[in-house]
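**Q** I would like to see how this sequence folds:
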Amino acid sequence: MAGQYKTSMKMYSAWNYEKEIEDLNKASEKGWQLVKGGLLASRFKKDPGVRYRYQMDYRRIDDMARYIETFREQGWEYVNSTFNGWHYLRKLYDPSLPEEAYEIFTDRESLREMNGRWARLGLALGIVAGVAALLYGVWMILRFQIPVALVFLLLAVESAVLLRGWFIMRDPDKSRNRRGDGALLAVFLAAILLGGTASIALAANRVSLQTEQKAGDIDHPVIDSRWADFEVKYPDFYYVDLTVEAEKPVDFAILNEKDEPVFEIHEKSYRTENRRILLPRGRYRLSFSAETGYRVEFGIG
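**A** This next block holds a predicted model:
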């Protein structure tokens, strides 16, 4: 039984579904008949005794039983449907019949209507991804972070690919170069998966620290107090919020592992929000010195 089934991991773009139909027909000619078509993988069964011609349809169906029966009356066998609205159909191949007998759309208007259904979806998704990319782009300009930049790039690429698909599908009469579309889709999906995973992992490993120190009265000056430690796991821009209130100037610093200051002030009244500093990977500590009562609030993220 092991040799009776196989799985194909080929991927096809929605706007190049004719290539998938062509490959299904070639597989059937070689004795491999489709059991279940899918977005990322299709399942085949070895049966050299028959040969089919395949077609695909894209639509939302309210009455599946009626849909299947309508095609059955025209000699088409329903194979399966995917979660995203594609339906696989096949008809026994008879070499004596003309090629037109294996078309499920008998006129260009019907084909244009089917293409238009996906084109509208592709346009909507492309616009949504484009708007999201624009918002992330603004965020990236105002507060640059590597995870945000990754999401921006992924959304921009996704929008470009979907809008390209819409441009192709909106006019099926035009012939356009789609060679390498399968490879493009594979790279696109891999980039989405790897880039999305990397963005989530980087965001989860960013420093996020909020802390406060205060004393209304002190008997002895505080000298280089080791306030808190934190670790930066990858180099990136980080944003500091700092408020200082004291009777006399307070020395505050962020020190690296060599006790070198990467940020420091000497003020009795100070306030900053979203102060951008570039921190290399490593461990850091907060240090402050004060002679009198003080309040220091610090945040980084």
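**Q** how about the helices in this protein?
**A** 17-29, 64-73, 108-142, 146-169, 181-204 (DSSP state H).
**Q** buried deepest among these, which one?
**A** Most buried of the helices of the chain, by mean neighbour count (mean count of other Cβ atoms under 10 Å): helix 146-169, with a mean of 20. Placement of C-beta: from N, CA and C, glycine included.
**Q** other residues contacting it?
**A** 13-16, 115-116, 118-119, 122-123, 125-127, 129-130, 132-133, 136-137, 139-140, 176, 178, 184, 188, 191-192, 195-196, 198-200, 202-203, 206, 234, 236 (Cβ atoms under 8 Å, 6 or more residues apart in numbering).
**Q** ok, now stretch 191-201?
**A** Residues outside stretch 191-201 that contact it (Cβ under 8 Å, 6+ apart) are Pro147, Leu150, Val151, Leu153, Leu154, Val157, Glu158.
**Q** pLDDT value on the most centrally placed residue in the chain, please?
**A** Using Cα atoms, centre = their mean, the residue of the chain that lies closest to the mean C-alpha position is Ile192, 4.0 Å off. According to the prediction, Ile192 has pLDDT 83.
**Q** next: the one 5 residues further on.
**A** Reading off the per-residue confidence, Thr197 sits at a pLDDT of 90.
**Q** quick check: the gap between it and Ser225.
**A** Noted for Thr197: a distance of 40 Å to Ser225, by Cβ to Cβ, to the nearest Å.
**Q** about what we covered before: want to throw the helices of the chain into CSV with distance to Ser42?
**A** Formatted as CSV, these follow (distance: least, Cβ to Cβ, whole Å):
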stretch, distance to Ser42
helix 17-29, 8
helix 64-73, 20
helix 108-142, 19
helix 146-169, 20
helix 181-204, 13
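**Q** by mean pLDDT, show me the worst of those.
**A** helix 181-204 (a mean of 82).
**Q** quick check: bridge partners of Leu92?
**A** Judged by DSSP bridges, the bridge partners of Leu92 are Tyr52.
**Q** stretch 20-39: how far from the chain's middle?
**A** Relative to the chain's own centre, stretch 20-39 is displaced by 29 Å; criterion: Cα atoms, centre = their mean, to the nearest Å.
**Q** end-to-end on that stretch?
**A** End-to-end distance for stretch 20-39: 11 Å, by Cα to Cα, to the nearest Å.
**Q** what sits up against it?
**A** With Cβ under 8 Å, 6+ apart as the criterion, stretch 20-39 contacts 5-6, 8, 10-12, 42-48, 50-56, 79-80, 82-84, 86, 88, 90, 93.
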